[in-house]
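# turn this into a structure:
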Amino acid sequence: MFLNLNHYKLDVYQSARQLRIECYKILSVIPDSERFNLTDQIRRASTSVVLNITEGCSRRSEIERKRYFEIARGSVIELDSCFDIVIDCNYIKKEELVKIENLIKTTFILLSGMLKKG
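Next up, the predicted model:
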């Protein structure tokens with residue numbers, strides 16, 4: 001933000017940021033009983049995606065860059081599983097998660113593309 005670095009312009013970074021924002025919006029509908037479990041996990045995973053993309057973009061070594069992108073992609077997969085749980089527990093209907101679903105898919109695809117670059 002303050003440094004005005006190139007990764008801010010990347011589609012993968014923008015998608016990850018939007019995914020994080022949408023995840024935070026959904027947290028209010030998850031019961032308080034999940035506060036220290038599912039809610040915190042969604043918060044951490046969605047933040048991890050953004051931060052690992054940022055960290056990866058700052059690395060000069062291709063191996064290190066890809067390592068951070070792989071971690072970010074793992075966090076996207078983790079979010080996908082978290083929302084499986086959210087649906088299974090009937091906290092939110094799948095139909096209400098279309099925006100998150102699209103952002104998870106988009107971010108996953110973009111990160112997969114970053115990992116294929118060589």
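# could I get stretch 76-85 in PDB with only the CA atoms?
Provided in PDB are the C-alpha atoms of stretch 76-85 (Å, rounded to 0.1, in the frame of the first residue of the first chain):
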ATOM      1  CA  VAL A  76      -7.300 -21.300  -0.700                       C
ATOM      2  CA  ILE A  77      -7.900 -25.100  -0.500                       C
ATOM      3  CA  GLU A  78      -8.300 -24.700   3.300                       C
ATOM      4  CA  LEU A  79     -11.000 -22.100   2.800                       C
ATOM      5  CA  ASP A  80     -12.800 -24.300   0.400                       C
ATOM      6  CA  SER A  81     -12.900 -27.000   3.100                       C
ATOM      7  CA  CYS A  82     -14.000 -24.500   5.700                       C
ATOM      8  CA  PHE A  83     -17.000 -23.500   3.600                       C
ATOM      9  CA  ASP A  84     -17.800 -27.200   3.200                       C
ATOM     10  CA  ILE A  85     -18.100 -27.300   7.000                       C
END
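# neighbouring contacts of that stretch?
19, 23, 38, 41-42, 45-46, 49, 97, 100-101, 104, 107-108, 111 (Cβ atoms under 8 Å, 6 or more residues apart in numbering). Using the backbone N, CA and C atoms, a C-beta is placed for each residue, glycine as well.
# again, but for stretch 94-105
Against stretch 94-105 from outside (Cβ under 8 Å, 6+ apart): S15, Q18, L19, E22, C23, I26, V76, L79, D80, F83, V86, I87.
# same question for stretch 29-42.
In this structure, residues lying in contact with stretch 29-42 by Cβ under 8 Å, 6+ apart are C23, I26, L27, E78, L79, C82, I85, V86, Y91, I92.
# send me it as PDB with only the CA atoms.
C-alpha atoms of stretch 29-42 as PDB (Å, rounded to 0.1, in the frame of the first residue of the first chain):
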ATOM      1  CA  VAL A  29     -23.400 -15.300  10.300                       C
ATOM      2  CA  ILE A  30     -21.300 -18.100  11.800                       C
ATOM      3  CA  PRO A  31     -22.400 -18.800  15.400                       C
ATOM      4  CA  ASP A  32     -20.400 -17.500  18.300                       C
ATOM      5  CA  SER A  33     -19.800 -21.100  19.400                       C
ATOM      6  CA  GLU A  34     -17.400 -21.400  16.300                       C
ATOM      7  CA  ARG A  35     -15.600 -18.200  17.300                       C
ATOM      8  CA  PHE A  36     -12.300 -19.900  18.300                       C
ATOM      9  CA  ASN A  37     -12.600 -22.600  15.700                       C
ATOM     10  CA  LEU A  38     -14.100 -22.100  12.300                       C
ATOM     11  CA  THR A  39     -14.300 -18.300  12.400                       C
ATOM     12  CA  ASP A  40     -10.700 -17.900  13.400                       C
ATOM     13  CA  GLN A  41      -9.600 -20.500  10.800                       C
ATOM     14  CA  ILE A  42     -11.400 -18.700   8.000                       C
END
